[in-house]
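[1] 3D, please:
(4 chains)
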Protein chains: 2
Amino acid sequence: MKQLLNHIKNYSSLSMEAQAALQEGFEEVVLSKNEYLLTEGKTCRHLYFLQQGALRGFYNLDGKEITYWFGFENDFVTSFHSYITGEPAVENIQLMEGSILWAISKDRLAGLFNQYQEIERLVRIIQEKYYMQLEERFVNAQFKTATERYEHLLHQTPHILERVPLGPVASYLGISQETLSRIRSRI
Amino acid sequence: MKQLLNHIKNYSSLSMEAQAALQEGFEEVVLSKNEYLLTEGKTCRHLYFLQQGALRGFYNLDGKEITYWFGFENDFVTSFHSYITGEPAVENIQLMEGSILWAISKDRLAGLFNQYQEIERLVRIIQEKYYMQLEERFVNAQFKTATERYEHLLHQTPHILERVPLGPVASYLGISQETLSRIRSRI
DNA sequence: TCCATTTTTTGACGAATGTCAAAAATCCAT
DNA sequence: ATGGATTTTTGACATTCGTCAAAAAATGGA
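    Numbers count the residues shown, from 1 in each chain, chains lettered A, B, ... in the order given. I've put the predicted structure just below:
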């Protein structure tokens, strides 16, 4: 929990009262490898902070698991679409390592927004950061070659390659595992 | 301006005072076809609301113009990365039709956030909507075939095909103009 | 350590898409 | 309405990438 309070200082500073309220709002969740934080069809009503561990978001397409996102230490995690709209999630979130998370429900967070404008501001600013990250992934997906995307991963987020099997990494990059293997062998 | 106030009711409702403050904050901008709202290298310090007209965001890559976004009536427009970070934009925003926009500076909007939490909330909610839109585009870009992306465009945003030349549409879909032409001919 | 399981690599081939060039169609200002 | 400019389509070919199958390598539990 200290880690969460410390991490959000990267985005904006909170009063002691707001920090205390946040601390009240979050609850610890401990899960082991391969467990699910969310399965498709369920509505995601919580926002999570990943303190320790690793997980992936994936959905099923034509019988294959398509991994589109990884989460590691200090990432916020949710099924964004389901969380915002209240509709059932189309994707799964599965732990890749035993993990410690902190969870807050959407309702509870809305209550904190009403009590503390600074918390609503914090979340707005965090969202902006995640928007920019997604924007970069979109540009890479649409306008860069597979090799360029792999090299980008190699330089920007090498820890992914160290902690994740090649299959999920390949679909994260939007290519087949065989192609990723071949790209890797010739770089 | 009425149109802006009316449009934001889709996201959340504002008090009369907040509406009046917004009205104070925005200034009208009228531009004609082919003019630029933003050119690469300049920092984008404004958020725009497009009341009437059409525009595109594009950047230059290997001597080609890569269009990655279109804006039409009731869209909010900015160079998000530049607006948030204060860094120079890497992209251009060009009018595709004569247009009427409303502009507010980032500083002025920040002032409104401090005066009216409901305005900060409105912007947070609008951002959430845009995040979900980007998420969908990302999934399409990375995991769908060119033909699927074209069919999605055909069903979800057919107005793009009616108001935009094929070249920019092709790069919006992440394919060459020739491929788009061929997909079109066989559907 | 050894074996079974999982992960990664390699090979052969086909499908999808890009590139370059030119023809055809369309658009627009005079 | 007409001619020049722009946009779209078509053709030929090269390249990238996916798929299926099998081999090789790495991993993890007994």
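
[2] now chain A, which segments are flagged as low pLDDT?
    For chain A, no stretch has pLDDT under 70.

[3] what about the strands in it?
    Here chain A has its strands, by DSSP state E, at A:27-31, A:36-38, A:46-52, A:55-61, A:64-71, A:75-77, A:92-95, A:99-105.

[4] Listing partners with orientation, what would you give for the first one?
    Think strand A:27-31. Within its sheet, strand A:27-31 is paired with strand A:99-105 (antiparallel), according to DSSP bridges.

[5] what's the answer for the fourth one, then?
    Strand A:55-61 has these partner strands in its sheet, going by DSSP bridges: strand A:64-71 (antiparallel), strand A:92-95 (antiparallel).

[6] Out of the ones you listed, which is the most enclosed?
    Of all the strands paired with strand A:55-61, strand A:92-95 carries the top mean neighbour count, a mean of 20, counting by mean count of other C-beta atoms under 10 Å in any protein chain shown. In this view, the C-beta of every residue, glycine as well, is placed from N, C-alpha and C.

[7] Grab the nearest non-local neighbour of A:A18.
    Of all residues not flanking A:A18 in the chain, A:Y116 sits nearest, at 4.5 Å (C-beta to C-beta, 6 or more residues apart in numbering or on different chains).

[8] Hmm, A:E17 and that neighbour touching each other?
    Yes. Contact criterion C-beta atoms under 8 Å: A:Y116 and A:E17 qualify, at 7.3 Å.

[9] So for these two, which sits in the more crowded spot?
    A count of neighbours by other C-beta atoms under 10 Å in any protein chain shown puts A:Y116 above the other of A:Y116 and A:E17, at 19 against 11.

[10] Enumerate every residue touching that one.
    Counting by C-beta atoms under 8 Å, 6 or more residues apart in numbering or on different chains, A:Y116 touches A:14-15, A:17-18, A:21.

[11] Recalculate using a threshold of 10 Å.
    A:14-15, A:17-19, A:21-22, A:122, B:117 (C-beta atoms under 10 Å, 6 or more residues apart in numbering or on different chains).

[12] quick one: which of the residues you listed is nearest DNA strand D?
    DNA strand D has its nearest neighbour among the contacts of A:Y116 in A:L22, at 35.9 Å by C-beta to the nearest atom of the strand.

[13] was I right about the closest one contacting A:I119?
    Yes. Between A:L22 and A:I119 a contact is recorded at 6.7 Å, counting by C-beta atoms under 10 Å.

[14] Overlap of the contact sets of the two?
    Counting by C-beta under 10 Å, 6+ apart, the contacts common to A:L22 and A:I119 are A:8, A:14, A:109, A:112.

[15] Residues in a beta bridge with the nearest residue to the third one once chain neighbours are set aside, which ones?
    Pointing back at A:L109 there. Excluding its sequence neighbours, the residue lying closest to A:L109 (C-beta to C-beta, 6+ apart) is A:L47, at 6.3 Å. Counting by DSSP bridges, A:L47 is bridged to A:I104.

[16] just the helices in chain A please.
    A:2-8, A:16-25, A:80-85, A:106-115, A:117-143, A:146-156, A:158-163, A:166-173, A:177-185 (DSSP state H).

[17] hmm, back to that, closest to B:I66 among the contacts of A:Y116?
    A:L122 (34.1 Å; C-beta to C-beta).

[18] residues touching the residue lying closest to the closest one once chain neighbours are set aside, list them.
    Nearest residue to A:L122, sequence neighbours excluded (C-beta to C-beta, 6+ apart): A:S12, at 5.1 Å. By C-beta under 10 Å, 6+ apart, the contact set of A:S12 is A:118-119, A:121-126.
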